[in-house]
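**Q** would you be able to build a 3D model of this:
(one chain, ligands or ions: 1)
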Amino acid sequence: MHGSQLRVAYQGVPGAYSEAAAGKAYPKCEAIPCDQFEVAFQAVELWIADRAVLPVENSLGGSIHRNYDLLLRHRLHIVGEVQLPVHHCLMALPGVRKEYITRVISHPQALAQCEHTLTKLGLQAAREAVDDTAGAAEYIAANNLRDTAAIASARAAELYGMQILADGIQDDCGNVTRFVMLAREPIIPRTDRPFKTSIVFAHDKGTSVLFKVLSAFAFRNINLTKIESRPHRNRPIRLVDDANVGTAKHFEYLFYVDFEASMAEVRAQNALAEVQEFASFLRVLGSYPMDMTPWSPSGGD
Ligand SMILES: O=C(O)C(=O)Cc1ccccc1
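**A** Numbers count the residues shown, from 1 in each chain. Model prediction:
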């Protein structure tokens, strides 16, 4: 399936990086813009869309925890991943010079990824966060703001008639964002190509639980590509079960682990059975083909 006829919901407006990620995962898909991630999730749950795209981590800032929370609050499954090199541009309305800019608006991730370069460019401008990068460009164009610049993709500049003042302004030239593709049903894991599996677990008590969990993978030669803990004290999380019934649960910490194996492999099944012995909560977020496409650090988006 190359994405023909697939409807893929993403947060943002056309020109957002999530739209580019949808196009990379499903080249002929119909990308559906949504105001918020919740709306993108609901679009899939209500069969308005077939997939939702969710950015989950980037090479500079690590995991996007709020988006992981969404995965727990909903019952969608990860069915694919895409790594997208993110190439940011600083843009303003045609004719506006850098010296006139008093405000730079963009998605918080984009602002963080360009912080040093903005300073080096000599911009004395306040930073302001908005919901998505392309939305920032659209907002400037719609309101004819001649004192404001946006950080967004070259595609967004083209779509909203903005002029690019500086190109490739990300501080780290290997800036990559990882997006996951979500669906109502999990895919059937296979063994004929490299697969990754994402899990989240918690434990109540016990000694060296993390060590025991990690050894469940290490003894089976299963590579981890991510291990991250997230403090969750005093913050109950609403989990849904298979019947979509929600309950609030308290966990001290949640652990996110991605490992390089398919759930169709016996070694992965055994590793998870072992993890389950130590965990008070365990959920497989998905087992899906790894994005193996090479990307060049200086490449565009
Ligand atoms: O706002 C966007 O365009 C997004 O898709 C989120 C995002 C922001 C910055 C880097 C990568 C993804």
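**Q** please report the distance of the closest residue to residue 164 other than its chain neighbours from the ligand.
**A** With CB to CB, 6 or more residues apart in numbering as the criterion, residue 164 has its nearest non-adjacent residue at 4.8 Å, and that residue is residue 89. For every residue, glycine as well, the C-beta is placed using N, CA and C. Between residue 89 and the ligand the computed distance is 12 Å (CB to the nearest ligand atom, to the nearest Å).
**Q** quick one, what contacts residue 89?
**A** Neighbour list for residue 89: 151, 152, 153, 154, 156, 157, 164, 165, 166, 167, 168, 169 [criterion: CB atoms under 8 Å, 6 or more residues apart in numbering].
**Q** partner residues bridging it?
**A** Here residue 89 sits in beta bridges with residue 152, residue 167, going by DSSP bridges.
**Q** any idea whether the residue nearest the centre of the chain is helix, strand or coil?
**A** Centroid-nearest residue in the chain, with CA atoms, centre = their mean: residue 55, separated by 1.2 Å. In three-state terms, and counting by DSSP: H, G, I helix; E, B strand; the rest coil, residue 55 is strand.
**Q** from what I see, it and residue 181 are in contact.
**A** No: with contacts defined as CB atoms under 8 Å, residue 55 does not count as touching residue 181, sitting 11.4 Å away.
**Q** okay, helices next: where are they in the stretch 51-200 of the chain?
**A** For the stretch 51-200 of the chain, the helices defined by DSSP state H, counting those that start in this stretch cover 65-73, 108-120, 133-143, 154-159.
**Q** weakest of these in terms of mean pLDDT?
**A** Comparing mean pLDDT across the helices of the stretch 51-200 of the chain, the weakest is helix 65-73, with a mean of 87.
**Q** can you name every helix or strand that that one contacts?
**A** helix 37-45, strand 51-58, strand 195-202, strand 237-240, strand 253-259 (3 or more CB pairs under 8 Å, 6 or more residues apart in numbering; DSSP states H and E).
**Q** what's the neighbour count on residue 37?
**A** Neighbours of residue 37 under the rule other CB atoms under 10 Å: 23.
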